[in-house]
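1. Generate coordinates for the sequence data below:
(chains A, B, C and D, ligands or ions: 6)
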Amino acid sequence: MKKIINKPEDVVGEMLKGLKVSNPKSIGLIPEKRIVYRKDPYLNKVGIISGSGSGHEPDQAFFVGRGMLDAACAGPVFAAPTLDAIVDCAKIVDRGRGVLFLVKNYTGDRANFEMASEMLEFESGPTVETVIINDDVAVKDSTFTAGRRGVAGAIFVYKIIGAKSEEGSNLEDLARLAEDVNNNVRSMGFALKPCTTPAKGSPTFELGPDEMEVGVGLHGEPGRERTGYRRANIIIKTLTDAVISDLPFQKNDEVAIIVNGLGGTPISELYIAAGIVHDICKNSGIYIFKTYVNNYCTSLDMEGCSVSLLRLNEEFKRLLITPVDIPIRYF
Amino acid sequence: MKKIINKPEDVVGEMLKGLKVSNPKSIGLIPEKRIVYRKDPYLNKVGIISGSGSGHEPDQAFFVGRGMLDAACAGPVFAAPTLDAIVDCAKIVDRGRGVLFLVKNYTGDRANFEMASEMLEFESGPTVETVIINDDVAVKDSTFTAGRRGVAGAIFVYKIIGAKSEEGSNLEDLARLAEDVNNNVRSMGFALKPCTTPAKGSPTFELGPDEMEVGVGLHGEPGRERTGYRRANIIIKTLTDAVISDLPFQKNDEVAIIVNGLGGTPISELYIAAGIVHDICKNSGIYIFKTYVNNYCTSLDMEGCSVSLLRLNEEFKRLLITPVDIPIRYF
Amino acid sequence: MQSQKEILIGVIEQISRKLIEAEKQLTELDSPLGDADCGVGVKRGFEAVQKIIPQLNSLDLSDILKKVGFTLAYTIGGTSGAMLGTGFIETGKSIEGKDDQNIAIWPDALEDSLAVIKRRGGNTQVGDKTLVDSLEPAVISIRNSVNTGEANMVSILEKALAAAKDGSEKSINMIARKGRASYLGERSVGHRDPGTVIICIMFDAALEYLKSNVNI
Amino acid sequence: MQSQKEILIGVIEQISRKLIEAEKQLTELDSPLGDADCGVGVKRGFEAVQKIIPQLNSLDLSDILKKVGFTLAYTIGGTSGAMLGTGFIETGKSIEGKDDQNIAIWPDALEDSLAVIKRRGGNTQVGDKTLVDSLEPAVISIRNSVNTGEANMVSILEKALAAAKDGSEKSINMIARKGRASYLGERSVGHRDPGTVIICIMFDAALEYLKSNVNI
Ligand SMILES: Nc1ncnc2c1ncn2[C@@H]1O[C@H](COP(=O)(O)OP(=O)(O)O)[C@@H](O)[C@H]1O
Ligand SMILES: Nc1ncnc2c1ncn2[C@@H]1O[C@H](COP(=O)(O)OP(=O)(O)O)[C@@H](O)[C@H]1O
Ligand SMILES: [Mg+2]
Ligand SMILES: [Mg+2]
Ligand SMILES: [Mg+2]
Ligand SMILES: [Mg+2]
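-> Numbering: from 1, shown residues only, chains lettered A, B, ... in the order given. Ligands and ions are numbered 1, 2, ... in the order given. Okay, the predicted model is just below:
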C-alpha cells in the first residue's frame, strides 16, 4: 500500500489537522473527538450536524461552514463516529433552537446517533431530531436488508437544509424539509477499482482487470452485481436508468444532478459521465436545472462514480443556489 | 485499462461536451478546435489565454471564467494544442487590447504558441504577448534541458493575471506581472503510481509496489529520481525543502501554498500533506497567507501530489483573494 | 478466593488481550462481508479498556461494566462500537443496585442488554447473520443453566461458549438481513459473520480466565 | 512518366500509410523518453492528410507542401505536430515561385525548413537527441548528392535514408538535451528517439514509392 500517510492510525487526525491549519479562521477542531465546527458567529438557528466514518472526504468535515453544516463528527476510517463525539458536537452547535442530525442510513451510524440522542435526552441536553438519508437505489429497501444506504444524495440534503437553517427555520420544519429532500433524491454508483483502507493495506474486495462492481457501497462494500467492464455510455446509462425509474423521475420534471467521483477517478472522466447523463435526461424530457460534478462523497481511493438526481420544486431551487462558505474549494 | 470513457480518441471531446452542458450559461465551446471560452460579456480588457495538452483537468479549460482565463485551448491528451485552435482562440478573446498567452514551458506548447504568434503577426491579428511559466524545481534550468517545466504554480499566474486583467491593465503590464508571479513561485511533485493514457492503455512508466518517483512530470514522464516509498512526513519534507531552498524562500517571507493532487490521490491525503507543509513553513519562519488544497493541475489518474509556494507581496495578496466564477466548483 | 469484582476485572482484561490479538482475523472476516474495519476498531476499543483497568478497582460491578461499555462506545465507532458498548452499558445498568450475591441477576442482565442490542440494530433477530446469532443462544444457555440450578461458572460458560460457537458456525450459511453485509443479499452466504466471532472470543476468554485463576 | 506533382502526392500518400502503421512503435518509443502520445498524434495527423489527398491535385507543389504542413499542425498537436508541420510548411514556402525543374531548389528548401525547425525547438542541435539527429544528416546528404551532380532520385534518397538511420542509431546513446526527454538527463541514454524514427520512415516511404511507381 502506497499512500500519502504516516501511521495508519494517525490518518484521520492528521487530515483534520491539515483541514484546520488550511482554514484557520473559519474552522475549529477538537482533535481528540474528531469534531470539526464552524468558528464564525451565528445565532438563532438550529444546529445542523452530520457525521459518519472518515474516508468519504470532502464529506462531511469539509462541508462545515456558513450555509451548510454547523459541525461534523468524523469517525475513524469507515467506522461511525463515537458516542461521546456526537454528544459533544450537539452541545457545541446548539444555540437554544435544537439540533438536527442528518445521518446516512448505515447500522453503525444510526446506532451511534441513536445512543447519543438517548444520552442527550437523559442529560436534558439540546432537543434533537434525526433524519435518516437513504438515497441509494442499489439496495432493496426491504425487511431483508438494513435498508437503502445514504450516499451522495446526502449532499443535496446538507445544502438545502444548511441554507434553510440560516433563514431561522425551526427544528421541526427543518426535519420535515430534510425528509422531503431525501424523498426526492435517488442515487446509484459503480466501481472500477476497490479502495484500500489504511489499516488493512490491501483492497477491501477483489476486482479482475475486466470487471466492475455495480451498485457499490461507499465503504468498500462490494455492490449488488459484478459484471464485465463496459464503456462509459453503457455504465452511465445503467446507473441513470436505475435512478430515474426508481422514484420515478418523469417527463417535465426539473432536476439537479450530481456526478460524484469516488475518490480515485479524475475529474475529466466525471465530466464525460455528466455529458452522458445530460443526454439521457434530455431524451427522457427531464430538465436539468443545475449540474454538480466533483468528488463529494468518496470511498478513499476507489475508482468509479455515482449519479444522483433530485426532483426540484421552487423552494429546493432557491435553497440550492444560495452561497456557502466551506473549506472545500478551489479559490 | 478501465476508465469512464468510450473510445480513447473521443475522450477530450466528450469531456469538453460534459463541461459545456454542465455550465450552459457561462461557457462556450468550439468542439472541433477544443476551444473553451467565457460567454459572459466583457469589454476593455486584455484577453487571457492558456492552453496545453488535455489530461491535466481542471487545468485549464475548467478555469475559464470571470476573474481567471478568458479562453483555453485544450490539446489532445498530453499533446500541445494545435496551431489553428490557438489562432482562433486569440481572435475570439480579443477586445482590441491584445492577448496574453500564458504557456507552461514544454517544447510542444512553446512551439505551437510560437507558430500561432507568428501567424497572427503575419495576418495582422491581435497583438500577442507570451509569458512562459516554469516553476518546477525538479528540472535543472540549464542548457542541457528544455528548461524547467511549468506545473501547478501556473494556477497562481492564472489567478493573479486574471484578476488584474479585470481591472483593465494593459498587455505590457500584465506580461510583466505574469513574469513577476512566475519568478516568485516554485513547485515540485512526486508520484506513487504512474498514469495511464487512454490511447496507450497501460501505464506510461513502471513503478514497483515499493517505489515512488520524485520530481515527476505532469505528462507521465518519469521524474528525476526513483526511490523507495517513504511515509508522508518524509516525502513532503523532500518536496517542500527542495521548493524552499530553490528560490530561496526565507524567514519572514509571506507565502501562499498549493498542495496539488495529481488526479488519483484522494483529498484526505492531500490534507495530510498540507498539514506537514504548514509545520515545515512554521519551523522555517515562513508565514502562510492562504492554503490551496485540491486537484488543480493533474496527470490523468496519477497518484501523488506537488507542493508549490508563492512569495507574496501586497498586490499578489489582493489579486489572489478576488472572487472567480469558473466551471470547476462544488456549489 | 477472588472477589466477584476481581474476577470481573480479570475477565475483562483477558477479553481485551484476546480481542486485540484477533485484529487480523476480524479484519479478514469483515472484508468479504463489510468494510474491513472490524479488527482495527475492536483493537482500538480494547486497548482503551486496557488503559482504564487501573481505575476499575474503585468502582462497583455495575459501574465497572458501564465504564467499559462507554469506553468501547467512545473509541470503537461503527456498528461494533455501538453494539459492544450497548452490551456492557446495559448489562451494567441492569444489575445496578441489585444483590450481586444472587446469581440470577446475570441472566436477567444479559437478557436486558440483548434486548437493547436488538433494538439498536433495527430489530435484529437470530438468523440475520449478526453477532446476535452467537449472543442470543449464549444468553439462552446461561438462562437455562441458572434456571436448572447450575452454579459452577466454568460449566455455565462452557455451555454458553458452545452455543455461541454453534451460532457462529450457522452464520456462515445465512443470508445477511441486517448490517452492512445485508447489501450483499445472497452473496453474503459462505462467509462467517465477524461479530459472532467477537462473542465467541469473549466467552472463550472469560472461560480461560476462570479456569486458570479461580479456584472453583 | 509521372509529373513532379504526381510523385509528390504519391510520396505523401505512402508516408501517411507507413506512419499510420507505425503508431504502436512510436508510442512504445515515446514511453520511456516521453509521454507516450507520439504514435497516436502522428496517426491522427496523417489520417487527416489522407483525407485531403483528393484536394491536392489542384494545387502547385508549394501549396501542396504547405497544405500538408498546416494539416499536420492543425491535427497532431504536441512537439511532433509543430515540428512536422513546420517542416512541410517551410519547405513549401521556400520553393514558392521557384523553378521546379531545377533540382537545386530541394536542398535549399530542406535547409531552410531545417533551420526553422531548429529555431522552433529552442535552437536544437545535432546531438540533442531529437528528430534533428536524423533530419540534419539526411538534408546534408541530399545537399552533397545534388552538389556532386547526382540526379537519380532513388540513389539520392537511399543515401539520405542511410544518413537518417545512422542518426537514429546514434540517438540511442545520446543524453537528451531538448524536448521532454531532456528532463530524464542521463536516464535518457539507452532509448531511441521516436522523432528520428519518424524521419527514417518518411525517407523510407518516399524511396519505396519511387522504386515501385516511377520509371527512373
Ligand atoms: N443490526 C445489527 N445488530 C447487531 N449486530 C450487528 C448488526 N449489524 C451488524 N452487526 C454486527 O456488526 C459487525 C460488524 O461490525 P463493524 O465492522 O464495526 O460494522 P460496520 O463497519 O458495518 O459499521 C457484524 O459482523 C455484525 O455482527
Ligand atoms: N527541441 C526539439 N526540436 C526538434 N524536435 C524535437 C524537439 N524536442 C522534441 N522533439 C521531437 O519530438 C518528438 C516527440 O514528439 P511528441 O511526442 O509529439 O512530443 P511531446 O509529447 O513531448 O510534445 C521527440 O521524439 C523528438 O524527436
Ligand atoms: Mg465500518
Ligand atoms: Mg505530448
Ligand atoms: Mg466493518
Ligand atoms: Mg510525446
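2. Apart from its chain neighbours, what residue comes closest to A:Asn295?
-> With CB to CB, 6 or more residues apart in numbering or on different chains as the measure, A:Gly261 is the residue that lies nearest to A:Asn295, at 4.1 Å, once sequence neighbours are left out. Every residue, glycine included, has its C-beta placed from N, CA and C.
3. State the helix or strand in which the residue of chain C found nearest ligand 6 lies.
-> Taking CB to the ion as the measure, chain C has C:Ala36 as its residue closest to ligand 6, at 40.1 Å. Under DSSP states H and E, no helix or strand contains C:Ala36.
4. Please verify my assumption that it contacts A:Pro203.
-> No. In this structure, C:Ala36 is not within contact of A:Pro203 by CB atoms under 8 Å, at 9.1 Å.
5. quick one: which of the two has more around it?
-> Shown here are C:Ala36 and A:Pro203; by other CB atoms under 10 Å in any protein chain shown, C:Ala36 has more neighbours (31 against 18).
6. Then A:Ala80 would be within a strand, right?
-> No. A:Ala80 sits outside any strand when classified using DSSP: H, G, I helix; E, B strand; the rest coil, being coil.
7. Might you report the residue contacts of the residue nearest to it when sequence neighbours are not counted?
-> Closest residue to A:Ala80 apart from its sequence neighbours, by CB to CB, 6+ apart: A:Gly108 at 3.6 Å. By CB atoms under 8 Å, 6 or more residues apart in numbering or on different chains, the contact set of A:Gly108 is A:Gly53, A:Ala79, A:Ala80, C:Gly77, C:Gly78, C:Thr79, C:Ser80, C:Gly81, C:Ala82, C:Arg180.
8. just the CA coordinates of the one helix or strand A:Gly108 maps to, formatted as PDB?
-> A:Gly108 belongs to helix A:107-122 when assigned by DSSP H and E. Extracted C-alpha coordinates of helix A:107-122, given in PDB (Å, rounded to 0.1, in the frame of the first residue of the first chain):
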ATOM      1  CA  THR A 107     -26.400   0.500  11.000                       C
ATOM      2  CA  GLY A 108     -23.300   1.800  12.800                       C
ATOM      3  CA  ASP A 109     -24.200   5.500  12.200                       C
ATOM      4  CA  ARG A 110     -27.800   5.100  13.200                       C
ATOM      5  CA  ALA A 111     -26.900   3.100  16.300                       C
ATOM      6  CA  ASN A 112     -24.300   5.600  17.500                       C
ATOM      7  CA  PHE A 113     -26.500   8.700  16.800                       C
ATOM      8  CA  GLU A 114     -29.400   6.900  18.500                       C
ATOM      9  CA  MET A 115     -27.300   6.300  21.600                       C
ATOM     10  CA  ALA A 116     -26.200   9.900  21.600                       C
ATOM     11  CA  SER A 117     -29.800  11.100  21.300                       C
ATOM     12  CA  GLU A 118     -30.800   8.900  24.200                       C
ATOM     13  CA  MET A 119     -28.000  10.300  26.200                       C
ATOM     14  CA  LEU A 120     -28.800  13.900  25.400                       C
ATOM     15  CA  GLU A 121     -32.400  13.300  26.300                       C
ATOM     16  CA  PHE A 122     -31.300  11.700  29.600                       C
END
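9. For it, list every residue counted as buried.
-> Residues of helix A:107-122 classed as buried by neighbour count (16 or more other CB atoms under 10 Å in any protein chain shown): A:107-117, A:119-120.
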